[in-house]
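# Kindly generate the corresponding structure for this input.
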Amino acid sequence: MKRSLGVEGGYVSLELVLGLALLVLPIALIVLTLPTWLARQNLARLAAQQAARTAVIAASPDQGATAAGTVATDAGLDPARDLRVAWEPGSSFARGGLVTVRVTVQSPAIAIPFLGTFGSFPLTATFSERVDQYRSGP
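Have a look, this model is predicted:
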């Protein structure tokens, strides 16, 4: 049986380009952004802990919010834009009371090194601190 030797057209170059553009590139972007998401979640947790602890010691939610802002500033964020501090309505600064703070940090949806960030979403951490029963303040 005789086969005709014709030109076989292949799509290898097209498949390579599409495979890189549709599979490899999006996965690489997610892998590059994942550490930023984890760092922002850790930042929110640390800011909430510092805010609650400072507020309990000073008996002042304003000083607690300032402490959270300091944590955000130390991480290179703008507290006015990237940080929200909210106190739970049931928080009590009286002896034996429970102070609960909710800190929300904006995290970039995609962060490409040397190119910038695109989009954002909030990451929230909550922390509660009990006021010392035997403190010598009011």
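
# any idea of the mean pLDDT in stretch 28-47?
Average pLDDT, stretch 28-47: 88.

# For that stretch, which outside residues touch it?
With contact meaning CB atoms under 8 Å, 6 or more residues apart in numbering, stretch 28-47 is reached by 67-68, 71-72, 75, 77, 83, 85, 103-113, 123-125, 127. Every residue, glycine included, has its C-beta placed from N, CA and C.

# Please flag which of these sit within helices.
Secondary structure from DSSP state H places 67-68, 71-72 of the contacts of stretch 28-47 in helices.

# most surrounded residue in those residues?
residue 68 (28 neighbours; other CB atoms under 10 Å).

# how deep is residue 51 tucked in, by neighbour count?
31.

# Just the pLDDT for residue 67.
96.

# for residue 136, that is, sorry about that
For residue 136, pLDDT reads 70.

# Which residues are in contact with the residue nearest to residue 65 when sequence neighbours are not counted?
Closest residue to residue 65 apart from its sequence neighbours, by CB to CB, 6 or more residues apart in numbering: residue 85 at 4.4 Å. By CB under 8 Å, 6+ apart, the contact list for residue 85 reads 47, 51, 64-65, 68-69, 101-103.
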